[in-house]
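> Structure of the sequence below:
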Amino acid sequence: MISEKEKCRQGKLYDANNDVELIAERQACKLLCHEYNHLLPSETERRNDIIIKLFGKAGRGFLIEQPFFCDYGYNIEIGGNFYANVNCVVLDEAKVKFGDNVFIAPNCGFYTAGHPFDVEQRNRGLEYARPITIGDNVWIGAHVCVLPGVTIGNNCVIGAGSVVNKDIPEGSLAVGNPCRVIRKI
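Alright, predicted model coming up:
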């Protein structure tokens, strides 16, 4: 029998609400996030240690402002010279990969989790997860929402308040709800 975690990894509907393994992993992650968010801003070494322990991969030179929230942590990979401002939320049920030189403004969310339209499936607590990939040299403006399965190419700027529900090609300025390419940069 296939586990709920494996169903998630395969992109199938899975039950995260009643699976003991997934609940325990989220709890462990929430404890680390809580510890991280309650450290003094000056405790940079301890903050970095927690991020390195929490994430699947962390490149050289990163700063994640507090508070920061995620679900599992191990599905997050950040490249070098990474910066996330306050209130960053990463629902990392699937992989979330950030390239090098990524700058994220305040109050941004990256959401790999989604729920079926079928009301019976949704009411049973089923969900799905699709990976998010952010390329190199990307600036994401304040209050941006990136939805499941989205890829943002290298050298992009995503304007403040955008809801990114489709892939954004490399070298684009994209804004809006839904987010769309305004011009090449």
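
> Dump the helix of greatest length in the chain to PDB, keeping only the CA atoms.
Longest helix in the chain, counting residues (DSSP state H): helix 20-37. Extracted C-alpha coordinates of helix 20-37, given in PDB (Å, rounded to 0.1, in the frame of the first residue of the first chain):
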ATOM      1  CA  VAL A  20       0.500  10.300  11.400                       C
ATOM      2  CA  GLU A  21       3.800  10.600   9.500                       C
ATOM      3  CA  LEU A  22       2.800  13.900   7.800                       C
ATOM      4  CA  ILE A  23       1.300  15.400  11.000                       C
ATOM      5  CA  ALA A  24       4.500  14.600  12.900                       C
ATOM      6  CA  GLU A  25       6.700  16.100  10.200                       C
ATOM      7  CA  ARG A  26       4.600  19.300  10.100                       C
ATOM      8  CA  GLN A  27       4.700  19.500  13.900                       C
ATOM      9  CA  ALA A  28       8.500  19.200  13.900                       C
ATOM     10  CA  CYS A  29       8.700  22.000  11.300                       C
ATOM     11  CA  LYS A  30       6.300  24.200  13.200                       C
ATOM     12  CA  LEU A  31       8.500  23.900  16.300                       C
ATOM     13  CA  LEU A  32      11.600  25.000  14.400                       C
ATOM     14  CA  CYS A  33       9.700  27.900  12.800                       C
ATOM     15  CA  HIS A  34       8.500  28.900  16.200                       C
ATOM     16  CA  GLU A  35      12.000  28.800  17.600                       C
ATOM     17  CA  TYR A  36      13.300  30.800  14.600                       C
ATOM     18  CA  ASN A  37      10.600  33.400  14.800                       C
END
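
> Could you list every helix and strand in contact with it?
Packing partners of helix 20-37 (3 or more Cβ pairs under 8 Å, 6 or more residues apart in numbering; DSSP states H and E): helix 4-9, helix 44-54, strand 68-70. (C-beta placed from N, C-alpha, C; glycine too.)

> Mean neighbour count and distance to residue 34 for those - can I get that in TSV?
Output for these, formatted as TSV (neighbours: other Cβ atoms under 10 Å; distance: least, Cβ to Cβ, whole Å):
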stretch	mean neighbour count	distance to residue 34
helix 4-9	17	23
helix 44-54	15	10
strand 68-70	20	10
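
> Phi first, then psi, for the closest residue to residue 64 other than its chain neighbours.
Counting by Cβ to Cβ, 6 or more residues apart in numbering, residue 64 lies nearest to residue 84, which is 4.6 Å off, once chain neighbours are set aside. Residue 84 adopts backbone torsions of phi -130, psi 120, taken as degrees, to the nearest 10.

> and what of the one 5 residues further on?
Note on residue 89: backbone dihedrals following degrees, to the nearest 10 are phi -120, psi 130.
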